[in-house]
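Visitor: Curious how this folds, go ahead:
(chains A and B)
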Amino acid sequence: MARYAILKLIYSVPTLLAVLTLVFVLTRVIPGDPALMILGDQASPQAIAALHVQLGLDRPVWMQYLHFLANVAHGDFGKSLVTGQSVVDLAASVLPSTLELTIASLVVGTVIGVPLGAWAAIHRNSMPDALVRAGSLLGLSLPAFVFGILLLIVFSVQLGWFPVISPTGRVSALENLRALALPALTLGILMAAYIARVTRSSMLQILGEDFIRTARAKGVPWRMVIRRHALRNAIIPVVTVVGLYLGVLIGNSVLTEMVFNRPGLGKLIVGALTQRDYPVLQGLMVLYTLLIIIANLLTDLAYGIFNPTVRLR
Amino acid sequence: MPRPAGSAAGRLARKLWRIATANITIEAGIVLFLLVVAVAVFAPLIATHDPLDQDLFERLGTPSTEHWLGTDSFGRDIFSRIVFGARISLVIGLSAVLTAMVVGSFLGVLSGYLGGWVDQLVGQATNILLAFPSLILGLMVVAFLGPSMINLIAAIALATVPQFVRVARAPTVALRDRDYIQACRALGFSPLRTMLRHVLPNIWPEILVMATLWLATAIRVEASLAFIGLGVKPPTPTWGGMIREGFENILTSLWLAIFPSLAILVVVFALNLIGDGLRDALDPRLRKDE
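Guide: Alright, predicted model coming up:
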């Protein structure tokens, strides 16, 4: 298992390197001189030249590239052009709330999606199946921010059950949970739409297998067949899909954080975008890549836990 | 070899028609989608106002007989803006997916057919791109290149290309060792001819399903980028941009955000219906004829 994990980790090195290269190239092709951007239009040529030296922009491109990689390896992404804070500190301060949202949504999505999908498969071509299929297709069609806004309108603006704007700073656990509820439901329900579909088709396939018939023939109660024999096998492809969906979840969290005005990586990246804060953008892109690589790695490991045949290899 | 009568184009049209009418899900989706396309094409005839016209005495107006869906904070007619917004969504979505489909399918067939280092290279690049959710990738590219129509199309196409590479490569690998493809090679057909005339016709149904599903995603991503503020520059009406503006007035004027949201929902839902129905119709395990 450990060997498997390490091997996977080694495989992700080229991906990371490619992204770093892409980020580096992108920052070089943007029109405009970074020094000019930092100092403003009124800066003297001397000041710009001095900043060039300071930023290392006077050196050949390949040296800049190596320097960039060395800095990244040291965990140094530079400082925000706007606040002067180190990019790593900025990201670290909001990372927990994004992770909190992602994990909560993952739980909501799985808890709603898997039973619905299984329910639909068991009642194939009848009312429950039609309901789940239509519902999940609708869920797949809603962009995260649209669904978030609709929930916000109904539950925060009209009914007033949840805060319109997430509280910042230190708040009680209960307040925190109340603020987390709607964003997590937004992402979780959309994810459930996806998971229900995958669970349904996976379950349908398993229910047609010989061993299900064998189990029934030897008199295992139907409920037990579903839980022990069918669902357990049907869940394996779902794990992969959940893992792949983690990336979508991280992407959608950008939108959800905007809608619910919730601190997090998404709000940070959108803020950096509007202020053209390139070091922050660079750092966040690398961080997003890392998160996605870690998510993929965890998926592979989870796959091993749910599917014993993988473990033997 | 006996061949069905009619030209190649006629055969293709008949095959497309048979697929389009294969089940009620596809039909419902196509009708809904064509309706939106019609709205986009005939936007100037359908819109009741100029989408950019500001009526400063009529700001944040509620729906009325004059302004069917009300007016926004600049006093512009929401209905007309939604009608014209359909153009942006469709043009960006269709261009991005068509680009991705052509480039991706070509690369997929190429790497599946040739194998070797081409396959390795394309495969690695695809895996790297696949690691990124389309929204994040789109965000990165547009953030650096700036939000113009071309850049948006390029960004969304880039995020979609790997999907087509994957869906085109797998069946090509399976076809490569079939006798009739071997025969093409033995007859000395060029790889390009073999790929275009003998491989592609066998794999395009899968590509078509992929295209409808990813068109839905492309439209969703475009709207999301516009909502973030990376869409086509205002005052051009885009659905995502309208929702963004509506969201700023959410406490006073709910409909500003709701109507464009419904527009996105209708288009994406229609496309998902088509994609879903197509998948059922083309799935060999469920197919009855042939």
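Visitor: Quick check: residues of chain B near chain A?
Guide: Within chain B, the positions adjacent to chain A are B:124, B:127-128, B:131-136, B:139-141, B:143-145, B:216, B:220, B:223-224, B:227-230, B:243, B:247, B:250-251, B:254, B:257-258, B:261, B:264-265, B:268-269, B:272-273, B:276 by Cβ under 8 Å from any Cβ of the partner chain. Where you see a C-beta, it was placed from the backbone N, CA and C, and this is true even at glycine.
Visitor: Low-confidence ranges, the stretch 51-200 of chain A, go.
Guide: Within the stretch 51-200 of chain A, the stretches with pLDDT under 70 are A:55-56, A:165-171.
Visitor: Okay, strands next: where are they in the stretch 151-290 of chain B?
Guide: Here the stretch 151-290 of chain B has no strands by DSSP state E, counting those that start in this stretch.
Visitor: Could you state which residue of chain B sits nearest its centroid?
Guide: Residue closest to the mean C-alpha point of chain B, counted by Cα atoms, centre = their mean, is residue B:215 at 1.8 Å.
Visitor: Make sure that one is actually in contact with residue B:95.
Guide: No. Here residue B:215 does not reach residue B:95: they are 10.5 Å apart, not a contact under Cβ atoms under 8 Å.
Visitor: Remind me which helix or strand the most centrally placed residue in chain A belongs to.
Guide: With distances taken as Cα atoms, centre = their mean, residue A:250 lies nearest the centre of chain A, 2.0 Å away. Using DSSP states H and E, residue A:250 falls within helix A:232-259.
Visitor: Give me the next element, helix or strand, following that helix.
Guide: Helix A:232-259 is succeeded, C-terminally, by helix A:265-274 (DSSP H and E).
Visitor: And for residue B:47, nearest residue in space, chain neighbours not counted?
Guide: Distances taken as Cβ to Cβ, 6 or more residues apart in numbering or on different chains put residue B:80 closest to residue B:47, at 3.7 Å, once the chain neighbours are dropped.
Visitor: same check, this time on residue A:190
Guide: Distance criterion Cβ to Cβ, 6+ apart; nearest residue to residue A:190, sequence neighbours excluded, is residue A:139 at 5.5 Å.
Visitor: for residue B:149, same thing?
Guide: Closest residue to residue B:149 apart from its sequence neighbours, by Cβ to Cβ, 6+ apart: residue B:232 at 5.6 Å.
Visitor: do you know how far that neighbour is from residue B:88?
Guide: 6 Å (Cβ to Cβ, to the nearest Å).
Visitor: list residues touching both of the two?
Guide: Here residue B:232 and residue B:88 have B:149, B:238 as joint contacts, going by Cβ atoms under 8 Å, 6 or more residues apart in numbering or on different chains.
Visitor: between these two, which one's more packed in?
Guide: residue B:88 (24 against 21; other Cβ atoms under 10 Å in any protein chain shown).
Visitor: Just the element for that one, please.
Guide: Secondary structure from DSSP H and E places residue B:88 in helix B:78-114.
Visitor: Buried residues, that helix. List them.
Guide: Within helix B:78-114, the residues scored as buried using 16 or more other Cβ atoms under 10 Å in any protein chain shown are B:78-97, B:99-101, B:103-113.
Visitor: How about stretch B:134-147?
Guide: Buried, per 16+ other Cβ under 10 Å, within stretch B:134-147: B:134-145, B:147.
Visitor: Would you mind measuring from the residue in the stretch 151-300 of chain A that chain B sits nearest to to residue B:73?
Guide: Nearest to chain B in the stretch 151-300 of chain A, going by Cβ to the nearest Cβ, is residue A:251, at a distance of 3.7 Å. Per Cβ to Cβ, residue A:251 is found 29 Å from residue B:73.
Visitor: Same question for residue A:290.
Guide: As judged by Cβ to Cβ, residue A:290 and residue B:73 stand 40 Å apart.
Visitor: same question, residue B:32
Guide: Residue B:32 sits 30 Å away from residue B:73, going by Cβ to Cβ.
Visitor: same deal with residue B:260?
Guide: Distance of residue B:260 to residue B:73, given as Cβ to Cβ: 14 Å.
Visitor: Residue A:8 now?
Guide: On the measure of Cβ to Cβ, residue A:8 and residue B:73 end up 51 Å apart.
Visitor: next one: residue B:259
Guide: When Cβ to Cβ is the yardstick, residue B:259 and residue B:73 sit 14 Å from each other.
Visitor: Could you pull out the buried residues of the helix holding residue A:250?
Guide: Those buried within helix A:232-259 under the rule 16+ other Cβ under 10 Å are A:233-259.
Visitor: Who are the packing partners of that helix?
Guide: Packed against helix A:232-259 by the contact rule (3 or more Cβ pairs under 8 Å, 6 or more residues apart in numbering or on different chains; DSSP states H and E) you find helix A:87-122, helix A:144-151, helix A:173-207, helix A:265-274, helix A:278-306, helix B:134-145, helix B:200-228.
Visitor: Done for today, thanks.
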